[in-house]
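Enquirer: what follows is a protein structure lacking sequence information:
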């Protein structure tokens, strides 16, 4: 009888969780921030104007902002060279001016072949107050600046109200059920080989990945990683010298976000390459149209 009651409470907790999530998501859809597309348009055009002006161009027409193929993506074309180091500060200043607070990724694309040249995430700039990839060279004259807003961009947080009010109840029930229903795993319920005894520290080439602390040490220099960078590098380390298709990478690194943005892979691989540049014993190779491969280079190949 006691266990039956606990099972009933478990079902009740799951029901509350489902209702809370549904209500939160529904609330987000019903309360969009007014005029979000117009604000993005104005912010990007302002940024483009100041970039061209800083480069001495005060006459070129600024093309219209267009919406990209991916949800939440906005693109503006710049057909004149500009100072890339000035882009993060001007863009964030423009978003602040128009009250845009959503998270976003920025990608600098080649106009001719849509190749990713440079890129960064909002937090790369706002947390470190420096220009990400600022030392990288621009390789052409024409660029598409693409800004992709993550999550429910342009929507107010009021839709989360019910979720936050039910969250304490769900956590309390979950803890209670965990303490009372916890039991030793039966046949077939043991840890999988990937989970059992797995060390969070991975050594590859002349580099060391400490997944638990989200850090990477290359040639004796320690670098802090983001959560996604850590997951992506872990995936490469677990499959050395194997070709990983883009869809496989997206499912294993970004599936928990609910929205899969293909160009996120290109941007994060570009960041990892920059960090691993000092380690000549490995490289992340691109197989165009398919995916990427972490190659461990033998000493006689270098």
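Expert: That came through, no problem. Since we're looking at a predicted model, the values are computed, not measured.
Enquirer: got the residue ranges for the helices in the stretch 101-250 of the chain?
Expert: 122-128, 161-181, 227-238, 246-253 (DSSP state H, counting those that start in this stretch).
Enquirer: any idea of the mean pLDDT in the second one?
Expert: With pLDDT averaged residue by residue, helix 161-181 scores 63.
Enquirer: again, but for stretch 285-296
Expert: For stretch 285-296, mean pLDDT rounds to 91.
Enquirer: just the terminal-to-terminal distance for that stretch.
Expert: 10 Å (CA to CA, to the nearest Å).
Enquirer: what sits up against it?
Expert: Contact with stretch 285-296 is made by 204-205, 236-237, 239-246, 248-249, 265, 269, 281-284, as judged by CB atoms under 8 Å, 6 or more residues apart in numbering. Every C-beta, even on glycine, is put in place using the N, C-alpha and C of the backbone.
Enquirer: same check, this time on stretch 70-80
Expert: For stretch 70-80, the external contacting residues (CB under 8 Å, 6+ apart) are 40-41, 44-45, 47-48, 51-52, 55, 57, 60, 62-63, 65-68, 109, 111, 141-150, 153, 259, 261-263.
Enquirer: narrow those to those in strands?
Expert: Residues of the contacts of stretch 70-80 located in strands (DSSP state E): 66-67, 109, 143-149.
Enquirer: tell me how the chain divides into domains.
Expert: 2-31+157-181, 36-149, 201-301 (automatic domain parsing).
Enquirer: got those as a markdown table, with mean neighbour count columns?
Expert: Listed next are the domains of the chain as a markdown table, based on neighbours: other CB atoms under 10 Å:
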| stretch | mean neighbour count |
| --- | --- |
| domain 2-31+157-181 | 14 |
| domain 36-149 | 17 |
| domain 201-301 | 16 |
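Enquirer: and these, which one averages the lowest pLDDT?
Expert: Looking over the domains of the chain, mean pLDDT reaches its minimum on domain 2-31+157-181, with a mean of 60.
Enquirer: would you mind measuring from residue 247 to residue 253?
Expert: 11 Å (CB to CB, to the nearest Å).
Enquirer: repeat that for residue 224.
Expert: Distance from residue 224 to residue 253, counting by CB to CB: 18 Å.
Enquirer: now do residue 295
Expert: Using CB to CB, one obtains 19 Å as the distance from residue 295 to residue 253.
Enquirer: what's the answer for residue 246, then?
Expert: 11 Å.
Enquirer: one more: residue 90?
Expert: Residue 90 sits 30 Å away from residue 253, taking CB to CB as the criterion.
Enquirer: ok, now residue 104?
Expert: In this structure, residue 104 and residue 253 are 19 Å apart, going by CB to CB.
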